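# Structure, please.
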Amino acid sequence: MSNVAIGMSGGVDSSVAAALLVQQGHNVIGVTMKLHNAQLPDNDCCNSRQAADALQVAKKIGIPHHVVDFTDEFHRYVVDYFINEYKRGKTPNPCAVCNRLIKFDALFEKAKTLGADYIATGHYAKIVRQGGRFCLQRAADEKKDQTYFLYSLSQLQLSKSIMPLGQITKNQTREIANNLGLATAKSKESQEICFIPDNDYAAFIERKAGISPHGDFIYNGEIVGKHRGVIHYTVGQRKGLGLALGEPVYVTKIDPKANKIHLGTEKERYGTELFASSLNFMPFEELEKEIKCTAKIRYNAKDSACTVRPVENGVHVIFEQPQKAITPGQSIVFYHNDIVLGGGRIDA
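From the prediction side, this is the model:
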């Protein structure tokens, strides 16, 4: 069996993943990554509490436990990216960046110093081999499947990773935790953006980078009001605009250079094509010809049939059915049935 370092967040998923690895006979090392100092509503630093919960689980299942400080790396690669993307009028996907650069890169480098050959996580996804390459496959639990956030993993990262929860459901994970008497059995679901526990993205950005200048709302070519700064908005947004125009309007475009927010009707929220870049593919190195597949443009979206064509510096994607709120900065992930083909960042 292998020496495996598992990222233990202090939640039930990574706790059960660690326990399953022990049951399978691996030599397991628990590692809790300190990523930030965000405060939870009860004023307890989430990292110190998570580390304590992870340590308790590690003792219960009989494995060593380490806390490693990745706050500098996390801020440089994830937080700065998050802030800069919003200032550019984009809506970022920090989880995908964190997975690639922190949870599957920095963790692996640290794992090697602890004598580990592999890393493991509590993600709901499967790693499979196809044609001599490593690919991701959707998890058994469709509702919890996290392949959308993992599309950017490299062949090396996939080859050195284990995801023990890919074959089971969240309910089964809870059941295993209860049966083993793990302290994290009833832990709450993790925050969508872990370093902004109150979900007020704009306030967080303004604390870090200063006030975003106000500008104009544009509707039908006319100025119809003032916005609070581009960081407060995302494409497709309706609530929080502070406008009374006699009909529902939505953000259809964010222009940070002109500092304008363009609005449109419900119909104008939909589009059938996009361009994407910063691509990563799994079954093959590069997309050399047009393919037909399915794709999703946000985590909680359903797959939609599309055609993907290689173009200079990226791909051109044409959907068979209109997609709601195609959002620059978000990820698009391509699938063939349950296999992840790859993905990239939506540019326009």
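# burial of Glu273, as a residue count?
Glu273 has 14 neighbours, counted by other CB atoms under 10 Å. Glycine gets a C-beta too; all of them are placed from N, C-alpha and C.
# so how far is Ser331 from the residue nearest to it when sequence neighbours are not counted?
The shortest distance from Glu273 to any non-neighbouring residue, by CB to CB, 6 or more residues apart in numbering, is to Ile318 (4.8 Å). Per CB to CB, to the nearest Å, Ile318 is found 18 Å from Ser331.
# Is the residue nearest to the spatial centre of the chain part of a helix or strand, or is it coil?
Closest to where the C-alpha atoms of the chain average out (CA atoms, centre = their mean) is Cys95, at 2.8 Å. Judged by DSSP: H, G, I helix; E, B strand; the rest coil, the three-state class of Cys95 is helix.
# wait, what's in contact with it?
For Cys95, the contact set (CB atoms under 8 Å, 6 or more residues apart in numbering) comprises Phe149, Ile193.
# again, but for Tyr219
Neighbouring residues of Tyr219 by CB under 8 Å, 6+ apart: Leu245, Val249, His262, Leu263, Gly264.
# For it, give its distance to Tyr233.
As judged by CB to CB, Tyr219 and Tyr233 stand 14 Å apart.
# average pLDDT across stretch 90-98?
What stretch 90-98 shows for mean pLDDT is 94.
# Equivalent analysis for stretch 177-195, please.
For stretch 177-195, mean pLDDT is 86.
# what's next to it, contact-wise?
Under the criterion CB under 8 Å, 6+ apart, residues 9-12, 15-16, 19, 35-36, 38, 46, 53, 56-57, 60-61, 74, 78-79, 82, 94-95, 174, 197, 199, 201, 204 lie in contact with stretch 177-195.
# Filter these down to the buried ones, ChimeraX style.
Those of these that count as buried under 16 or more other CB atoms under 10 Å are selected in ChimeraX with:
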select :9,10,11,12,15,16,19,35,36,38,46,53,57,60,61,74,78,79,82,94,95,174,201,204
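# need the helix or strand of this structure with the lowest average pLDDT.
None of the helices or strands of the chain scores lower by mean pLDDT, DSSP states H and E than helix 46-61, at a mean of 85.
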